[in-house]
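Chemist: Attaching a predicted model along with its sequence, questions to come.
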Amino acid sequence: MAAAVLASIGVGVYALTDDGGGPRTATSQQPGAPEDNAPDREGDGDSGDGGDDPRRVESGAVTDPLSGISLPVPDGWYGEELQVGAALTSKTSYDCPGDTSKTCVKGGAYSAPAVVLGTRGDTAEEVAKADIAANAEESYGGEAYGRITSHDVLASKAVTVAGQKGYLVRWKAVTQEGADGFVQSLAFPSPSRPDQIVVVRFGVDTDQREKILDEITEGIEVAEGGRGNGQDV
């Protein structure tokens, strides 16, 4: 999976950058993470299990307090609250096909405000369509998987997320080095700040269930106390 990139999940990447340098990478790389706001899917060969890390959520849901939402934690995954957003990461890892010195994971997702990701658009549909190419490159492009050689559009449709009218775009990305992936950009207004659009980027290897993208999307809810408490980004 573009796990290598996901781990850095964009949202996480932005918040986890250190001293103005590059993004802080986690032990494993996940697909779909912005390089400056989320955990990295690409690591140094560690398994990325995380041990007893108190920040890890092993079941239930993980909260993105900035956007006023919670993301469901699938079986075999774990969640983390980020300084900007929240991330989900598969516990299954493997040597990245394009660089076996690094470790990739089978899937990942993370949330962040569109403005943090630099994704432009005035509506959820515009943002989702504008974000998908960057998401695909972040999740499955680069050294971990080689370049993306082609993609198929699997879905482009309106959806309701956490009571908000949103939009998602889903691709199947074919990579040069194997481990093709499903990538999805989901956009919708924040329940806590309706004038702010939230993006959830997904990246999941194609040997995993595509339906997990729907399960996570459908399981996103308004976080407890999430209305009216948003912050400016």
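Modeler: Here it is on my side, so go on.

Chemist: Phi and psi next, for the nearest residue to Gly76 once chain neighbours are set aside.
Modeler: Spatially, and ignoring its direct neighbours in sequence, Gly76 is nearest to Lys91 (5.5 Å; Cβ to Cβ, 6 or more residues apart in numbering). C-beta here means a position set from N, CA and C on the backbone, and glycine is covered the same way. Backbone torsions for Lys91, taken as degrees, to the nearest 10, come to phi -80, psi -10.

Chemist: For burial, what's the neighbour tally of Lys91?
Modeler: 18 (other Cβ atoms under 10 Å).

Chemist: From Gly118, how far off is Ile212?
Modeler: 27 Å (Cβ to Cβ, to the nearest Å).

Chemist: In this protein, where is pLDDT below threshold?
Modeler: Across the chain, the ranges flagged by pLDDT under 70 are 1-52, 54, 225-233.

Chemist: so where do the strands sit in the protein?
Modeler: 56-57, 61-64, 69-72, 77-81, 86-90, 93-96, 99-105, 107-113, 148-161, 164-175, 181-189, 197-205, 221-222 (DSSP state E).

Chemist: And Ile212 and Gly118? Which one has more around it.
Modeler: Neighbour count, other Cβ under 10 Å: between Ile212 and Gly118, Ile212 has more, with 21 against 13.

Chemist: The longest helix seen in the chain vs strand 164-175, what angle?
Modeler: If you go by DSSP state H, the chain has its longest helix at helix 124-140. Relative orientation of helix 124-140 versus strand 164-175 (axes from the mean of the first three to the mean of the last three Cα atoms, to 10 degrees): 30 degrees.

Chemist: Could you name the helices and strands sitting against helix 124-140?
Modeler: Packing partners of helix 124-140 (3 or more Cβ pairs under 8 Å, 6 or more residues apart in numbering; DSSP states H and E): helix 3-6, helix 114-117, strand 148-161, strand 164-175, strand 181-189, strand 197-205.

Chemist: Partner strands of the last one, with direction?
Modeler: According to DSSP bridges, the neighbouring strands of strand 197-205, each with its direction, are strand 107-113 (antiparallel), strand 181-189 (antiparallel).

Chemist: among those strands, which is nearest Glu137?
Modeler: Evaluated over the strands paired with strand 197-205, closeness to Glu137 peaks at strand 181-189, with 9.2 Å, by Cβ to Cβ.

Chemist: Any chance of TSV for the strands paired with strand 197-205, columns mean neighbour count and distance to Leu71?
Modeler: Putting those into TSV (neighbours: other Cβ atoms under 10 Å; distance: least, Cβ to Cβ, whole Å) gives the following:
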stretch	mean neighbour count	distance to Leu71
strand 107-113	33	6
strand 181-189	28	11
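
Chemist: how about these, which one is nearest Glu143?
Modeler: Nearest to Glu143 among the strands paired with strand 197-205 is strand 181-189; the distance by Cβ to Cβ comes to 15.3 Å.

Chemist: Among the strands of the chain, which comes closest to Glu137?
Modeler: Smallest distance to Glu137 across the strands of the chain (Cβ to Cβ): 6.7 Å, for strand 148-161.

Chemist: Is it correct that Leu213 is in contact with Gln184?
Modeler: Yes - using Cβ atoms under 8 Å, Leu213 is in contact with Gln184, at 5.1 Å.

Chemist: Columns distance to Gln83 on top of the helices and strands packed on helix 124-140, output as JSON lines?
Modeler: What follows is the helices and strands packed on helix 124-140, written out as JSON lines (distance: least, Cβ to Cβ, whole Å):
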{"stretch": "helix 3-6", "distance to Gln83": "17"}
{"stretch": "helix 114-117", "distance to Gln83": "11"}
{"stretch": "strand 148-161", "distance to Gln83": "22"}
{"stretch": "strand 164-175", "distance to Gln83": "23"}
{"stretch": "strand 181-189", "distance to Gln83": "21"}
{"stretch": "strand 197-205", "distance to Gln83": "15"}
